[in-house]
Structures are given as structure tokens and as C-alpha cells.
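*Asks:* next input, structure requested:
(chains A, B, C and D, ligands or ions: 4)
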Amino acid sequence: MDTHATNLPDSAEADAHAPGEVEHAHPTWSTYWKVALILTLITVAEVWLYYIPSFVAGRGFIPTLLVLSALKFTIVVMFYMHLKYDHRLFRVLFTGPLMIASLTLLALMFLFGHLYIKIM
Amino acid sequence: MKGTDRLRRLASYAFFAAFAIAAVSCNEAHPNTTLVPHSDFGREIDFLWNRLLLLGTIVFVLVEGALIFIVIKYRRRENQPTPPQTHGSTMLEITWTLIPAVILVFIAVPTVRTIFITQAQAAPGSLNIEVTGHQWWWEFKYPEYGVTTANEIYLPVGRTVNFRLRSADVIHSFWTPQLGGKRDVVTNRTNYLWYTPDSSTASSVWNGFCVEYCGASHANMRFRVFTVTPEQFTSWVAGQKLPAQFGAVATAAPARGPNPPPPPGSAPGYIFPREKIPDYAVPHSPIPPDLKFTPGLTGNAARGKQVFSGAACIGCHSIAGNPIAMGVLGPNLTHVGSRSTIAAGRFPMAAAYLALWIKNARKMKPEVLMPTLGLDEYDPVLKAKVTAATGGLTDQQIADIVAYLTALK
Amino acid sequence: MTAPAARIHVAHTSAPAPHHYTTLGLDSRKVAIWAFIGSECMLFVSLISTYLIYKGRSVVGPFPHETWTDPTTGHVLKPILNIPVTSASTFVLLMSSLFMVLALAAVQNKEKPKHSRGDRILGNSKLWLWMTAIAGTTFLGFQAFEFTSFVHEGLTIRTNLFGSSFFTLTGFHGAHVTAGVLWLVTLLAIDYRRGLGSRDSLLVDIAALYWHFVDVIWIVIFTLVYLIK
Amino acid sequence: MATTAISTPAYRGEYSGEQSGLWSWLSTVDHKRIGILYLYTALFFFMFGGVEALILRAQLGAPNQHLVSAEFYNQLFTMHGTTMIFLAIMPLSAAFFNFLIPLQIGARDVAFPRLNAFSYWVYLFGGIFITVPILFAVAPNGGWFGYAPLTTKPYSPGINIDFWVIGLQILGVSSLAAAFNFLTTIINLRAPGMTLMRMPMFTWMAFVVQFLLVLAFPVITIALVFLLFDRFFGTNFYNTVSAGADPLLWQHLFWIFGHPEVYILVLPAFGLVSEVLPTYSRKPLFGYPVMVYSGILIAALGFGVWAHHMFAVGMGPIADTFFGLTTMLIAIPTGVKIFNWIATMAQGAIRYTTSMLFGIGLVGLFTIGGISGIMHSSPPADLQQTDTYFIVAHFHYVLFGGSIMGIFAGIYHYFPKIQGRLMDEKLGKIHFWLTFIAMNLTFFPMHFSGMLGMPRRIYTYDAGQGWDLYNAMSTAGAMIFPIAMLIFIYNFFKSRKSGEIAGSNPWGAGTLEWSIPSPPPDYNFAKIPTVTSRYPLWEGKEVDHESARINSQEGKTAAELGIVMPYNTIKPLLVALGLIIMFCGLMTTPILIAAGAALLVFSLYSWLLSPLEPEHH
Ligand code: HEA
Ligand code: HEA
Ligand code: CUA
Ligand SMILES: [Cu+2]
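*Replies:* Ligands and ions are numbered 1, 2, ... in the order given. Model (predicted):
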């Protein structure tokens, strides 16, 4: 008898997934090395910026570094962790917690006076 | 089931009646009530509280009423067919999302207003008091007057008092329920709290508490607030500023204002009269049954001063006027005889308690920092007997110290 | 030790069910690892927040970016962070991520025909697993070097707030890398024992997700701890 | 229409013959048996924590009493809070997660059966680890939220706090492991047709709770690691005043965990009553989608309110405003839940079973706790409430009136499914009414003692403070609890032996778990059902579960049905044991650490490298 009942698609979220890993359009070697190159370049840029005293003293230093690091973060997650190609569930499982974590970090920074809002 | 539900309803009426009674009941029966405020700060909170109580009661009555009504009305009857299988109602659900939201607006608006009022800076000209929380007693300093006391504050009515709160060790919390809300006393931080005691409170005593758990004797970290007239306050300050003196010397005290010069042997400045202190501010803590003191001993204050100056006491206590006593670990004892309690409100200030306290403080108040000092007494923290070699004091020596300390007014 | 409950297989399966039915057609282990990674975000955010909160609050040096003169001894302590060395170790860790994706690709394509030498190199799962593990170990070596030199310069986990929060944060990351290296070594052992094939790609995929995540955390740490003054 | 594929015949005997005896319990990987283990253990700890509370209450019955010393009292309330939260309510919820989730979603087991066993054993060992010290009066004494710096070495030099730090760390491992497991199970093992919006509400709330666990526990893990390092290695996180440490760091980290934790405690109970109320009203849950969304919203908002436990620490007006307002917002989704439950009962055909009484009790009592919660959420008002018995009243109304009431509703409701027999309704009702009276008599007066100025966590109080009457009432009320509990325990064991045979669906409930025999066979569903609605048994044909019931009498074993079952294994237990030994080593000697680590690594590898179940073909 059939113990693994026939695979009725789960209307809500199983779009077109049959059981077992579905082959997605996986990135290939050429994507991989390009990604590595970009990551290296960004890292070089970051360290380079670190050594420009006038830039470090300016207001743009911290935001620029944060943006660059966020960019690297995203690239690794999207391509190496193939979140871009994978089931959207994983995106939810990752971005949800990441959002809560980032907001918590932000709130703590406010609470301990590293960031502040001016009122009055 | 009908009977039980009626019971429930009755019960809830009873609870609310009780609540109402509690709310209006007078100070004497409820000396620490938060519901009868006596300061500007207290009234701000009370306004919010009344609104919260009103709205909360309305929600309570409506929700519980609906619940009980429905539970009774829709109980299953004999041969009842399957009830209608309703799945929801958007209209209804929107309604009961919006109604609470509206109620919350009525809470939120005054809340925010009060937050900003109560956390503004204290008015200029406020009386500053530096509060230091210690495990398990309070140190109070009046920087303007150079006065240091422990576990007792005198406040002139009508003048804003600004407390500067710091901790010597762990986190405590400073609270005088009738005069205002509490504020934590946080290690490595400085907090502020201010309020203005109402003029009507002259000659009143208020209990204060440590309300952040701070270790073994957290329950015994109480204090007293005396609200007095400005004249009495000035006199008190004058007395407290003087160095310690005992015996006849006391008469040298300058007495100002309407108060007649104090009789010999009494305090140099104003002190809240002991006999007027209401019962709720007099400690009733039991004495440990296994702690005894030789009856009938009389002490000599002058001898006591010597014993004190040669004993461990000076390592922890300061007495202005006794240059050898400079310790800062324990309460300042300069005017200890003028206080109404000892050991942070645990015992009345009286020779009998003081003697037992010095003999074995750790039995009188769990885990206090002050060591057991009576000869042959068992120290429950060190788990050892006190010997002559470890500085044990005989009952006679203690009686002398007691005579000395009680005379420090 | 184990008592097999029942050894009889499914009798008339109509569809070729490769494994238990799953709702999304995903392997549960992969769902779990993503949930785990989500959870790790909170773990590292707690560590990073603490580091940032205590930044600039240390009473005594050494400090990360500023020189400090010890008022009692008169010693002058340089800023302690060594950016060139850490940049190198950061690069190594980034490369390990590249090796890791290549290892995964190699395992996934194990059975595909290899036409060129390049194909064969790219398809060598052992090579790439080794490379990843070595890169990870190198990173750990850098970290060990960093830690010991800090201790020599007078910064231990007890010295000041910076020391406590720095060593704990980077130490936690290092512990994650260590676990990752052990994981990789385990995969290598399997590869040597019986060979990893495309049916095992999930095993490698999960390890890879973990590995990349640890790398991603380092990206954040590198910026927040080392570069931003 | 035949909407449901009801399971085909299935079942014989309580459990397959080869699975009985002590060994089978030690090595089981069956989610139902693990659920039962959780249930028994957690009930034990509930009573243990209850007895601690009774001693607290006895001490506070009158002013200036001295039944226990100050030191012991402090251990008692610390362990009472810790036990109730981490060893009673969370595991009681876990018992239901274990037992119910696979049954409700039509799965044969959880996603990782061995990990599941591991979670239980870690919980058991961790629970013993943290509980035993109180028998020797060296229990943790820093309060359940262990504020630093009181809990650091200079102020707590004894080993008391070490037990707490390490014990919570161990329990965290258990909770996290279980959370990943259930999360995956719910995402990935739902039967065909069991879409998210068809999931029973209990499973939904469980799902939300797993997210809370997964996100909240790492934070306390780190907070505890800092404390551990401070205590063992002399770091400065909260330790040294001179190093400039900020003790508010601990408070923030703790409450970032602690507030979501309170929803971890109550949402499973909300889920249970969402099964109970519809069943005994014979009506579907009112506003199902809104119930789902409100649950999600409560959880999400729950991460943005933590500092409402810190209104007195002086965070400044902006932070107070922010956290006050976010806290108030939570009343809206929670209110929707309350109203929808009431609307579920409206127009229904309500049967007053014990389970239903507890369910109604939850709705009524939780509301009271919620209202006092809103009273705390106004920061200035909270300055008169915080750290007084008013807070104690609040959280017992939500914890006892919410969580415990819900869990009892669940126990009475699911007992027949778990044991195959019904509990005695008469005793059950006595249990309910005694509990209800005790609960209100104990905790309602605390509102008064609190507003009349009584601080919490005091081992004694002076006479003449105006608190005597209310404390006497609370103590009197508390003494009724054990009577109620003993009746419950008696009922539980009596019914287990000789209760009326339940059959598969004694209550006429509508969800999937009631379509299979009671107790369910080890494989749960002989045939994985296909689900087409939220209440398949109500919307399907009556005969279906009738036939399922008849068929259950001549059920078959998994082997006969050709269902692959996981092997039993002792390895998860061994790994858990290794973990505990390691942690014990931390407090004693490094040799133990090494021994524990060896056992852990060895068993873990052997677990990971051995197959879960027989090959399929
Ligand atoms: C099950 C656990 C649980 C739950 C569900 C809650 C729910 C809530 N809690 Fe509670 N809380 C605790 C457990 C819980 N709490 C514990 C254990 C502590 C003490 C910790 C310690 O110090 O030891 C605590 C402490 C605590 C504090 C800190 C007090 C202090 O120490 O000073 C605050 C402050 O805001 C608070 C608020 C709330 C609010 C607003 C809710 C809301 O979620 C409640 C929402 C529900 C309702 C409001 C009722 C239903 C709604 C309606 C009927 C709609 C209409 C209502 C209105 C418009 C008002 N809680
Ligand atoms: C889920 C959580 C939960 C539950 C169910 C309870 C249940 C009870 N709690 Fe408590 N409580 C907390 C969570 C909980 N509590 C927390 C978190 C704290 C804060 C701790 C802190 O400050 O750190 C607290 C604090 C707390 C205090 C304040 C202590 C203080 O601040 O000094 C008090 C005081 O009355 C109290 C009382 C009670 C009572 C009487 C019960 C009763 O409901 C208990 C019912 C009793 C039983 C269920 C026992 C039945 C016993 C038997 C059947 C055995 C009989 C057999 C023999 C006698 C052999 N609790
Ligand atoms: Cu000081 Cu409590
Ligand atoms: Cu909270």
C-alpha cells in the first residue's frame, strides 16, 4: 500500500516542487570566480580607505565602510550561499531573523548612547 | 453550572469592592500606600493610575461580563443540533481591533506627557541629597550642609528635593511609596529623582524601601523619611553639622528659630520627637531567640569612647569629633544617637537593641558586613567563634560602647 | 545497542518515493541549517552589540585604535589592532569560501563527464575540501598569532572591557571556524572512505552554508571591529 | 463529500510488543513517548516548584516570621521562578509539541527523532543539575533574572550562582535543539493538503513559539557566557566596578531574551485553548486567519518591548516612551485573541467538560493579568508598581491564569489521546474549582499588597505596614493548591489504569489527531491523510472516524504495514550525558571535562554516522 501518499501539490507554497532536490539554475565556475574577485576588490578598497587619514576623519568613513561590508555580506549570501537561487522559504528563514537581529543591534546602540536622536 | 457562575460574578464584585476600600483607606492603616500621593511626582503618577484603573476596570467588566454571559447563554441543551458553523466576521474583528486601540490612545497620551514632566531636570534651588546604596543600608549626604546620615532623611516640606542616586556595590532601588515613584540605584551609573513633599505633610514619617533585590538582607534595607517644617529642618541641619559630643557638652548647641534651647543631654538640633513616631515607622523585628545580653549592666560613655576607639569599629565607622574613627565601610555614626532606628530600619535605636547588634550583628540581620564582635559569639558568616584574639568584646565593653553611641545625638 | 523496530520495506509504492514525504520537497536538514543560521544571527548580534557598547569605555589600555600611556608606569602602548595581518587573514577566509563553493560544485557534478583537465581539477572534491580546510586552518593560525601577540603586548581577556569583549567575540568566531574545519575533515574522511557523489551533495551543501555563514560574520566583524575607529 | 483520507486500520496493543520496559524508554525516539517523558518530568518539576512556593507563602503568611532563613528564602524564590519557567511550563509545552505536532499535521514523526530524544535527556539532566542544590541549601540565589553585578563573583562568591549559570546554559541547549526540530517538522512534514492556513491553531502557535525560541535563546546564551567568563575567568563584562562595566548590559541582554520568553510560555497555552474552545462549543475557531496573524504579531512585537522591565533604571524619556508605547500595542493583537475566543463560544453548544472549564478559566484570568500588564506599560505609573507584589500579581495571572490553565485544559483534553482512557470528570471539576478559587485567593490580594507598598523578594516584612491581611489571604489561598494538585495526580494515575476507554475521538473534535486510535500507534498514520480543510473530522463524513475506531481494535504493527520506523537508540542519551559531565567538570575538575567531551564526541559521531532507520528498499 501507499505509505507515501501521492504528492499532491501543497497549494499554498509548494509551487512546483517535487520531492527531492530540484535542480535550479545553479551558478557556475565563472560566476564563482567573479564573485571572489569582487569580494577581494571590495576588501582591498576597504583597507585602502582605512589608510587615508583625511577620509577616516571625514563623516563619510563609517557609512562607506558599513555599505561596503553590507555589500560583501549580501554577495556571499546571495551567490555562495545560493540564496538567490534557492527556495524562497530559506530567504524568509534568513532575512526574518537578520532583520530582528539588526533592529536589536540598532536599538541597543541607541540605548547605550552610541547613536542618539535630537529632540527639542 | 448556574450557581457556580453566579459565584464567579459575586466573587469579582467582591474583589472590586475590596479594591475600592483599599483605594480610599487612610494612611494609618496603609502607611505605604501608593494610592494616596503626597508630592507633585506622586500626584502625576496617581493621575495616570486613576485613568489606568478606570479604563482597566471598564475593560475587565465588559470582557468578563461578555464571557460569563455567553458561557451561560450558549451552554448545550438536550438534543441541540450542530450550532451554526460561523468562521468569523470581518466587521466584528475590525471593531474589536479598533476599540482597544482607541482606549490605548487615552492611556498613551497622558503617559508620554508624564514621562517628560517627571524626567525633566529638577527645579533650580532644589535641596540636593546624595544617596548611596550599600549592601544593606543607605548613606545620605547633604552636600550643601556637609551633613552625612544613614537610613534617615529629613526633608523640609514645600521644597523640591533632588536625589542623586549611586551605588557602592550592587544594584538597589530607592523608594518612598507615599512620596513618589522609585528609581534604581545602579552600579557605575548616576540616576536622579526629584519630588516636592506637600506642605500638608509637615511632621510626618514615611517608610522607604530598597526595591531591587540586592542579596541576603534586601528585605532589611529600609529607611525613614521625616518631612518637617523648614524651621525644624534648619535646626536639624545645624545640629547634625556639629561634631559628635555627648554628655553635658551638648548644651553648647546653637538653637535657632522658635525652638527653645534643648535641655542638657538632649540633641543639639531639632530631632523628630521619638514619641510622635507612628507605630508603622517603629521596627518590630524579633530578636534572635539565642542571642542574650547580661541583664542589668550599666555602661559608661567615656569608657565606651575609649573601647570604641580601640576596637575594630573604627575601621569601618566614622565619628566626626573622634579623629581616630574614620572608616567608610559602615554608616557614619556621628549622630547615631539621634536616629530612630539602627541597621537600616530593622531595629529601634535603643540601648537594648544596640547592645545585641554590636554583640552579634550577623544574627540580628542576615549576612551583614559588620562582623560579629561579642566575645564567644558564633559568627554565622565566618562560621567561627569570636575570641579575645579576634577582638571579641565583653558584655561590659559593649555596654560602654552603647552608652557612648546612644549619647551621640 | 539499537533495536531495529521494523525492517520491512514499503510494499506497493506507486510513485518512486526517494525518502519520506516532505511538504516542500526540501530536505529537512537544509531547512534546519537555515533556521540554525537565522538563530546564529542573534548570537553574533549579541556579541557584536556588546563589543560596540563597550567600545571606548575601557578605563585602561591597550586600546584598539588609539595609543595609551599608562599613568602609573609611563609605558606607551600602541594601538593594538594589526590591520595588515588581519587583512591577510580576511582574504584567506574569503578565498576559503570560494574553495567551498567549488567543493560543492565538484560533489554535485561528480558523475558528469569531465572533458578537460580544467574540468577534472574543478571536479576534484577532495582537492577543494582540502583547500577549504587549509584556508580555515590558516585563518585560525592567524588568529592564534594575533591572540598571542596581543597577550605579549599586555592585552588579555581580563585587562579591560575591550579585551573582554574583543577576545570573546573573535574567540566565538574562531570556535565556529574550528567546528567548521572539523566538519570539513569529517567530510574528507567520508570522501576518502567511500567517495562523495552527487547523492551526497546535500551533506556538502549544508556544511558549505555553515562555512559561508561563518565567513559572512567575519566580514561584519572585520569592518566593525578592525576598520571602523 | 469525502474530504478526508482517514487512516486505514492500524493498531494493536498499547505499543508494539518489542517496545516496553525501561530500556525502551531510555532509547526511544518516538515523539509520543518523548512527549510523555516530558509530561511526567515537567509535572514533577511543577510540583517541586509549587512546594517551593508553598514554603515562600508560609514564611510570608504573617509579619516577622522566621520559618526559613533569609538565605534560604532567597534560594527558594530564585528556584521557584527558575523551576516554574524553565523546568515546568516550557517542558509542559514541549510535551504537547512533541505529542501533538506530528499528529496534527499528519506526520509519522518529527523531522529529527534522535535530536528530539537528545533534547529531552538534556532537559532532564539539566533539570536535575539545577534542582539538586536546593536540597543542600546551596541553590542559586540571584533571582530568576540574576541581575549582575549581584550575581558576579565578588557579590556571590559561593557556587550557588554557578549552578544557575551552567544549568540555564544546559537547558538552553535543550530548548534550541527542540526548536530547530519542531520548526523543521512544521515547515516540512505537513501531510499533503495541510497548508499553513489549514494548520490547527495549536500547531500554529507552536510554530510561532519555535521562532521565538530560536531567536531569543542565543541572546541569553551569550549573556550567560559573559557571566560565566566573569565568574570563572575574571573578565569584565559585568564584573568590575573599576573597569567601567555597565550592569545594564546584562539587563538588556536578559530581557531581550526574557520578554519573548514570556510569550514562549503563554502562546502554547493559547494554542491549546484554541483547540479546546472550538471542540466543546462545536464550532470552528472564530476568525482563524486573524488568530494566526495576531499570534505572529504578538511574537514580532515581543522583540521590541524588552525594556519595559527596566523603566526604573533611568533609561531616559525617549527610551521609556518607545518601550511604553510598543508594550501597549501588544494589547491589540492579544485582545483580538480574547474576543475571538469569546466569539467562538457565542452561539455554540457549550459542554462544560473539565477541559472546557480550564479553557474558559484561561480567557477570564489571562485578561486580568493582561490588564495589569497594560498598567505596567505606562512608565511613570510603573514606577509605583515595579518590584512590588503588584508585579507578582500580574505575572501569576498571566502565567498561572494563562499558561497553567491552558496546559491543564490541554491535559484533560488530550489525556484520552495519550493514554487511551478518559480522566474522571467529577474529580476533574473539583480540581478545576479548587484551583480557580486558590488561584484568585492567592494572587488577587497581591494587587493590593503591591499597591500598598509591599516590595517583592523580601523574606520578611514588618508588622503594621498594612499588608498583613492580604498576605494572610495569599497564604491561605496557596495552601489550597496542593489539595487540588493531589486530586489531579490521583485522577491522573487512576484514570490511566482504569479510566473509561476513550476511543479515537471521545470529544467529537474536528482535527486530524482525533482520526487515529487512542493511544496512537507508533507510526501514527497507517496512511498519510490528504487534508482539505481545517476541521477534517467535522467537515468529513461521520462514518470515517467511526470506522477508524472499529478498525483500531484489530490494528497492525508497523512491520505488518510495511512502514519504516527509526531504530531505537541510546546515543542521544549518551551525548546528553557527555554534555552534562562536561559542565559538571567546569565546576569541579578538568578531568571530568575531558571525560565528558570524550563521551560526547564519541557518541555524537557514532550517532551521526549510523542510519536513522532501515534502508528503504
Ligand atoms: C505568560 C507570561 C506573560 C505575558 C503573556 C505577559 C503579558 C504582558 N506583560 Fe508581563 N510579565 C511577565 C509575564 C507575562 N507578561 C512576567 C513573568 C513578568 C515579571 C518578570 C519579573 O520581573 O520577574 C512580567 C512583567 C511585566 C512588566 C514589567 C513590570 C515591572 O517589573 O515593572 C510589564 C511592563 O510593561 C509587563 C507588561 C505586559 C503586557 C503589556 C503584556 C501584554 O501582552 C498583555 C496583553 C493582554 C491584554 C491587555 C488582555 C487582553 C486584551 C483585551 C481584552 C483588549 C482590551 C484591553 C485594553 C485596551 C487594555 N509585564
Ligand atoms: C509559571 C510560573 C509560575 C507558577 C505556576 C507559579 C506558582 C506560584 N507562585 Fe510564583 N513565581 C514565578 C512563577 C510562577 N509561580 C516567578 C517567575 C516568580 C519570580 C521569582 C523571582 O522573583 O525571581 C515567582 C515568585 C513568586 C512569589 C514572590 C516571591 C518573592 O518575590 O519573594 C510568590 C509569593 O507568594 C509566589 C507564589 C506562588 C504560588 C503560591 C504559586 C502556586 O500557584 C503554586 C501552586 C502549588 C503547587 C502546584 C504545588 C502542589 C504541590 C503538591 C501537589 C505536592 C503536595 C505534596 C507534598 C506536600 C508532599 N511566586
Ligand atoms: Cu538594596 Cu535591595
Ligand atoms: Cu515583558
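*Asks:* in chain C, which helix is the longest?
*Replies:* helix C:161-194 (DSSP state H).
*Asks:* avg pLDDT for that one?
*Replies:* Averaged across helix C:161-194, the pLDDT comes to 95.
*Asks:* and that helix, anywhere near chain A?
*Replies:* No - applying Cβ under 8 Å from any Cβ of the partner chain, one finds helix C:161-194 separated from chain A by no less than 12.3 Å. In short, each C-beta sits where N, CA and C put it, glycine included.
*Asks:* what's the following helix or strand after that helix?
*Replies:* The C-terminal neighbour of helix C:161-194 among helices and strands, as given by DSSP states H and E, is helix C:201-221.
*Asks:* report whether that next one contacts chain D.
*Replies:* No - on the criterion Cβ under 8 Å from any Cβ, helix C:201-221 is out of touch with chain D, staying 10.4 Å away.
*Asks:* any buried residues in that helix, and which?
*Replies:* C:201-221 (16 or more other Cβ atoms under 10 Å in any protein chain shown).
*Asks:* what angle sits between that helix and helix C:161-194?
*Replies:* 160 degrees (axes from the mean of the first three to the mean of the last three Cα atoms, to 10 degrees).
*Asks:* same for helix C:201-221, what does it pack against?
*Replies:* Helices and strands touching helix C:201-221, by 3 or more Cβ pairs under 8 Å, 6 or more residues apart in numbering or on different chains; DSSP states H and E, are helix A:61-75, helix C:28-54, helix C:83-108, helix C:125-152, helix C:161-194.
*Asks:* chain center to whichever strand or helix holds residue B:148, what's the gap?
*Replies:* Element membership for residue B:148, per DSSP H and E: strand B:147-150. Distance of strand B:147-150 from the chain centroid (Cα atoms, centre = their mean, to the nearest Å) equals 16 Å.
*Asks:* thought residue D:592 was touching residue D:579?
*Replies:* No - counting by Cβ atoms under 8 Å, residue D:592 does not reach residue D:579; the two are 11.8 Å apart.
*Asks:* the residue of chain C found nearest chain B: how many residues sit nearby?
*Replies:* Nearest to chain B in chain C, going by Cβ to the nearest Cβ, is residue C:57, at a distance of 9.8 Å. For residue C:57, the neighbour count with other Cβ atoms under 10 Å in any protein chain shown is 17.
*Asks:* and the strand or helix carrying residue D:586, C-alpha only, in CSV?
*Replies:* Here residue D:586 sits within helix D:571-587, counting by DSSP H and E. Taking C-alpha atoms only, helix D:571-587 is exported to CSV below (Å, rounded to 0.1, in the frame of the first residue of the first chain):
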residue,chain,number,x,y,z
LYS,D,571,23.1,7.5,21.7
PRO,D,572,21.2,10.8,22.2
LEU,D,573,21.1,10.0,25.9
LEU,D,574,24.8,9.4,25.9
VAL,D,575,25.6,12.6,24.1
ALA,D,576,23.4,14.4,26.6
LEU,D,577,25.2,12.7,29.4
GLY,D,578,28.6,13.7,28.0
LEU,D,579,27.4,17.3,27.8
ILE,D,580,26.3,17.3,31.4
ILE,D,581,29.5,15.7,32.6
MET,D,582,31.5,18.3,30.8
PHE,D,583,29.6,21.1,32.5
CYS,D,584,30.0,19.4,35.9
GLY,D,585,33.7,19.3,35.1
LEU,D,586,33.6,23.0,34.8
MET,D,587,32.6,23.2,38.4
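*Asks:* could you give the mean pLDDT of it?
*Replies:* 93.
*Asks:* just the buried positions in that helix, please.
*Replies:* D:571-586.
*Asks:* quick one: is that helix near chain C?
*Replies:* Yes - residues of helix D:571-587 contacting chain C under Cβ under 8 Å from any Cβ: residue D:571.
*Asks:* packing partners for that helix?
*Replies:* On a contact count with 3+ Cβ pairs under 8 Å, 6+ apart, helix D:571-587 meets helix D:113-135, helix D:160-188, helix D:590-609.
*Asks:* hmm, 10 Å instead?
*Replies:* Packing contacts for helix D:571-587, counted by 3 or more Cβ pairs under 10 Å, 6 or more residues apart in numbering or on different chains; DSSP states H and E, involve helix D:113-135, helix D:160-188, helix D:201-233, helix D:590-609.
*Asks:* which one of the ones you listed lies nearest to chain C?
*Replies:* helix D:201-233 (3.7 Å).
*Asks:* just want the angle from the next helix or strand after the closest one to helix D:160-188.
*Replies:* Tracing the chain past helix D:201-233, the next element assigned as helix or strand by DSSP H and E is helix D:248-281. With the same axes, to 10 degrees applied, the angle from helix D:248-281 to helix D:160-188 works out at 50 degrees.
*Asks:* near chain A at all, helix D:248-281?
*Replies:* Yes - legend: contact between helix D:248-281 and chain A by Cβ under 10 Å from any Cβ of the partner chain is shown at D:248, D:249, D:252, D:253, D:256, D:260.
*Asks:* can you pull the pLDDT of the second one?
*Replies:* Per-residue confidence at residue D:249 stands at 95 (pLDDT).
*Asks:* same question for the fourth one.
*Replies:* Turning to residue D:253, the model gives it a pLDDT of 97.
*Asks:* so it sits against residue D:247, correct?
*Replies:* No - look at residue D:253 against residue D:247 with Cβ atoms under 10 Å: they stay out of range, at 11.1 Å.
*Asks:* find residues that contact each of the two.
*Replies:* By Cβ atoms under 10 Å, 6 or more residues apart in numbering or on different chains, residue D:253 and residue D:247 have these common neighbours: D:148, D:237, D:238.
*Asks:* in JSON lines, list these along with pLDDT and neighbour count.
*Replies:* Output for the shared contacts of residue D:253 and residue D:247, formatted as JSON lines (pLDDT from 0 to 100; neighbours: other Cβ atoms under 10 Å in any protein chain shown):
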{"residue": "D:148", "pLDDT": "88", "neighbour count": "29"}
{"residue": "D:237", "pLDDT": "93", "neighbour count": "29"}
{"residue": "D:238", "pLDDT": "91", "neighbour count": "30"}
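*Asks:* give me the nearest residue to residue D:409, chain neighbours excluded.
*Replies:* Closest residue to residue D:409 apart from its sequence neighbours, by Cβ to Cβ, 6 or more residues apart in numbering or on different chains: residue D:358 at 3.6 Å.
*Asks:* contacting residues around the one you found?
*Replies:* Here residue D:358 is in contact with D:269, D:272-273, D:276, D:404-413, D:428, D:431-432, D:435-436 (Cβ under 10 Å, 6+ apart).
*Asks:* returning to that earlier point: in JSON lines, list the residues of helix D:248-281 next to chain A along with neighbour count.
*Replies:* JSON lines is the format used below for those (neighbours: other Cβ atoms under 10 Å in any protein chain shown):
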{"residue": "D:248", "neighbour count": "25"}
{"residue": "D:249", "neighbour count": "23"}
{"residue": "D:252", "neighbour count": "27"}
{"residue": "D:253", "neighbour count": "28"}
{"residue": "D:256", "neighbour count": "29"}
{"residue": "D:260", "neighbour count": "27"}
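*Asks:* among those residues, which one sits closest to residue D:113?
*Replies:* residue D:260 (27.2 Å; Cβ to Cβ).
*Asks:* could you measure from that closest one over to residue D:105?
*Replies:* 24 Å (Cβ to Cβ, to the nearest Å).
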